[in-house]
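*Asks:* structure, please.
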Amino acid sequence: MPKEFSLEFKQMAFAIIDFVEKEKDGPSIPLNNVTDRLQAILGISERSVYRLKREMKKLKDEQEESVRHTRSSSSSLSPKTLSPVRRPCRPKVQLTTVEQDTIRLTFHNILKDETYPTVENLLSTLLSQYPEFPIKSKTSLHREMKILGFNGLLGLNGFHLRSLGIFKCDEVHSMDHNYFVAWMDSTASTLRAEHGNTAKIAIIMDNATWHNKLNPESEPPKRAWKKESVVEWLTARKIKFETYMTKAELIQLAFNHLPPKRIHS
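*Replies:* Just a heads-up that it's a prediction; the model follows:
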């Protein structure tokens, strides 16, 4: 797209073009007569030419001063190379036989109190009962527990083979809520059949996302949904809205009226 010039610029450009055209066969005004040449080129008075020259000189002086100041500041603020600060190495904890036995005793007391024996629980218990205990971090305690022979046991007979679920995880097949619910139903039925109706059975699980699947009634609308889907969600829950509302407004209205969270069972 051609650039549009202002009227003032065009007038000055026309004057310059006209002057240059006239001088194609030789200068009409001597080259050393700068002021007269500028008057003819710019179409302004001699006084205006002098004023512009003074302003141009002042501007150049200010720019040069600014450059000198910047260079001076840069040289005075040049960073100095600092020698690296070395972190003090924490000495390795060497426990006595009594301190090792204290870990064992505290661990078994936690089991006796029917508390889940995590490293964090064990450390907090040790430090609360023995404030001067030499181990202060979970990493050091975990390392010492491995030295003492602590290890997770699956059971006296290893895996419970009838409830074992092993599969190849790829793009087609991976652990999700549906697989987990099916496994839980099968495992619970298998264990109940093995141990009878009166036995108490506990299945210990870690905290995974597929363990906490919301009921369809509790699931909030997704921001990627189309507007029609958000409208259906609001209508199904009898939430009033205006037909002229945008998708963003409908989403916000839905989040303002979310139902209580209910985990799928």
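*Asks:* how is the chain divided into domains?
*Replies:* In terms of domains, the chain is parsed into 7-68, 97-148, 161-210, 214-265 (source: automatic domain parsing).
*Asks:* dump those into JSON lines; add mean neighbour count and mean pLDDT as well.
*Replies:* Glycine gets a C-beta too; all of them are placed from N, C-alpha and C. What follows is the domains of the chain, written out as JSON lines (neighbours: other CB atoms under 10 Å; pLDDT from 0 to 100):
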{"stretch": "domain 7-68", "mean neighbour count": "12", "mean pLDDT": "80"}
{"stretch": "domain 97-148", "mean neighbour count": "13", "mean pLDDT": "88"}
{"stretch": "domain 161-210", "mean neighbour count": "10", "mean pLDDT": "75"}
{"stretch": "domain 214-265", "mean neighbour count": "12", "mean pLDDT": "85"}
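*Asks:* show me what the helix or strand containing Thr125 is packed against.
*Replies:* Using DSSP states H and E, Thr125 falls within helix 119-129. Here helix 119-129 is seen to pack against helix 97-112, helix 138-148 when contacts are counted using 3 or more CB pairs under 8 Å, 6 or more residues apart in numbering; DSSP states H and E.
*Asks:* tell me which of those helices sits nearest to Ile251.
*Replies:* Counting by CB to CB, Ile251 lies closest to helix 138-148 out of the helices and strands packed on helix 119-129; the figure is 41.9 Å.
*Asks:* and the next helix or strand past that closest one?
*Replies:* helix 177-195.
*Asks:* and that following helix, how far from the chain's centre?
*Replies:* A distance of 38 Å separates the centroid of the chain from that of helix 177-195, by CA atoms, centre = their mean, to the nearest Å.
*Asks:* with stretch 29-41 instead?
*Replies:* Relative to the chain's own centre, stretch 29-41 is displaced by 65 Å; criterion: CA atoms, centre = their mean.
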